[in-house]
Structures are given as structure tokens and as C-alpha cells.
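[1] Give me coordinates for this.
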Amino acid sequence: MGFLLRLVVNAIALYLLTRVYGGVSFAPGADVVSILLAALVMGIVNALIRPVLLLLSLPINLLTLGLFTLVVNGVVLWIVASVTALNVNGFGAAIIGALLLTLISWVLDAVTGALGLDGRD
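    Prediction:
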């Protein structure tokens, strides 16, 4: 999938998350640029910080059979919220929001794949 399409899909997923779940929202007056910026920061954090967090939490992740990855994803969402117009109402809301964001992104990825927009044959 192209970078711009991935950015738009992530932005739509973040926006839908704020509509579906009340624990995550955008600041009042947030516009499309703020949503795209949050999606861009989410991509950067997922590319640079998330692998380090997963490596550092590997022992506990093995003990919990991978369930600790939900906590790592919550930390990623919390980091994104701390530097963008995204608001998260506590760490528990970040974990639930990260789980819902994963599900929403999964559905959107399936839709873009079914429509042939992902560039795969």
C-alpha cells in the first residue's frame, strides 16, 4: 500500500475510533490536518518506538502469551495523544482504544484490499 493511502486509512481509523469510543477524542476544533498529523505521528511511533517497546517487554510478553502487546499498543496510543490533538481519558482508555483501533484498521485494510486499492494483484 502506498504511503499516502496508508496515511489516509490510519487517519480514517483514528477518526472512526473517536466516533465509536468515548474514551478517545480529538480536541475541540480539530480539523482534517490535525487528524492527518495524528495519523502521521502514529505511523512514526509505530515504526520507531513500538519495536523497541516490544523488544524490551519480550519476557513479559512471552509469559502472557502475547497479551502484553495490548499494553504496548496502549502506550503507543498514549504517546501519540501526548504530542497531537488526540485526547485519551486514562491508560485504560488507551488500551481499549488501541484494541478498537486495531479492529477498525483491520476492517479498513480489508476494504481497501477488496477494492484493489492496495496495489496487490
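[2] mind listing what's buried in the helix or strand containing residue 55?
    Residue 55 is part of helix 50-56, with elements assigned from DSSP states H and E. Of all the residues in helix 50-56, those buried under the rule 16 or more other Cβ atoms under 10 Å are 50, 53. All C-beta spots, glycine's among them, are computed from the backbone N, C-alpha and C.
[3] ok, residues contacting that helix?
    Identification of contacts with helix 50-56 by Cβ atoms under 8 Å, 6 or more residues apart in numbering yields 61, 69, 72-73, 75-76.
[4] Give me the nearest residue to the residue nearest the centre of the chain, chain neighbours excluded.
    Among the residues of the chain, the one closest to the centroid is residue 101, at 5.4 Å (Cα atoms, centre = their mean). Using Cβ to Cβ, 6 or more residues apart in numbering and skipping residues adjacent in sequence, the residue nearest residue 101 is residue 17, 5.0 Å away.
[5] For the one you found, give its distance to residue 56.
    Using Cβ to Cβ, to the nearest Å, residue 17 is found at 26 Å from residue 56.
[6] ok, now residue 105?
    Residue 105 sits 24 Å away from residue 56, going by Cβ to Cβ.
[7] how about stretch 82-96: buried residues?
    Across stretch 82-96, burial judged by 16+ other Cβ under 10 Å covers 84-88, 93-96.
[8] Equivalent analysis for stretch 36-49, please.
    Counting neighbours by 16+ other Cβ under 10 Å, stretch 36-49 gives 36-43, 45 as buried.
[9] ok, and what's touching that stretch?
    Residues contacting stretch 36-49 (Cβ under 8 Å, 6+ apart): 6-8, 10-11, 13-14, 26, 76-77, 79-80, 83-86.
[10] what's the farthest-apart pair in those residues?
    Among these, the pair separated by the greatest distance (Cβ to Cβ) is 8 and 79, at 21.5 Å.
[11] hey, where'd the strands end up in the chain?
    Here the chain has its strands, by DSSP state E, at 24-26, 86-88.
[12] and residue 65, how many residues sit next to it?
    Using other Cβ atoms under 10 Å, residue 65 is surrounded by 8 other residues.
[13] Same question for residue 78.
    Other residues near residue 78 number 19, with proximity taken as other Cβ under 10 Å.
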